[in-house]
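Student: I would like to see how this sequence folds:
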Amino acid sequence: MLVRLLDPEDSSKVFVTSTEPDGKITFSSIPRRTYRLKATAAGKRTLNITISPSGNILNIGPLIMSDAPIPIQGVIVEGRSPQPVQVCDTTEYPAGSVKVNRDAPMEDLLSKLPVVVVINGTVTVGGEAVQRVLVGDVTNEVLTRYVMLTFSYTVR
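Tutor: Numbers count the residues shown, from 1 in each chain. The predicted structure is shown next:
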């Protein structure tokens with residue numbers, strides 16, 4: 001928290017300090033007179049109070065500051081990555097949801113898919129071995145890349 005003591009009679013006289021780790025505020029070598037104390041902190045409303053120190057130490061008690069939202073220009077969500085689709089024993093991942101170089105090996109693409117693990121050329125998902133990996137393009141006015149992973153398991 002940044003704390004300023006402003007002299008209401010002379011605006012050029014400003015004493016500035018910040019809070020200590022224990023929250024105390026200390027100003028040293030200031031003349032005894034009435035000041036306007038102005039406290040600011042990120043995410044808090046500015047606090048303005050008038051104080052009149054009469055001795056060497058003035059205990060004004062806790063400075064309670066209310067929350068103030070920090071305005072931002074806005075957030076724009078451009079789009080959302082398509083989610084994988086499960087059809088029987090095949091999971092279809094949209095390959096465009098991960099970023100790899102055009103000349104990257106297949107292992108790079110597969111290792112970036114969620115829950116897919118590639119170790120020494122063996123592809124597993126959730127501990128289950130992937131039997132077949134199919135990478136292709138679907139043309140429907142837009143070229144879309146996809147990765148299909150087929151598992152071999154028994155449904156009981």
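
Student: tell me the SS of the residue nearest to the spatial centre of the chain?
Tutor: Among the residues of the chain, the one closest to the centroid is residue 75, at 12.8 Å (C-alpha atoms, centre = their mean). The three-state assignment at residue 75 reads coil, by DSSP: H, G, I helix; E, B strand; the rest coil.

Student: need the contact list for it.
Tutor: Residues in contact with residue 75 (C-beta atoms under 8 Å, 6 or more residues apart in numbering): none are found. Placement of C-beta: from N, CA and C, glycine included.

Student: cool, and residue 25?
Tutor: Taking C-beta under 8 Å, 6+ apart as the contact definition, residue 25 lies against 3, 17, 19, 63.

Student: Out of those, which two sit at the greatest distance?
Tutor: 17 and 63 (12.7 Å; C-beta to C-beta).

Student: can you list the domains in the protein?
Tutor: What automatic domain parsing lists as the domains of the chain is 2-51, 85-151.

Student: would you list the ones you listed in JSON lines and tack on distance to residue 57 and mean pLDDT?
Tutor: Listed next are the domains of the chain as JSON lines, based on distance: least, C-beta to C-beta, whole Å; pLDDT from 0 to 100:
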{"stretch": "domain 2-51", "distance to residue 57": "10", "mean pLDDT": "87"}
{"stretch": "domain 85-151", "distance to residue 57": "60", "mean pLDDT": "71"}
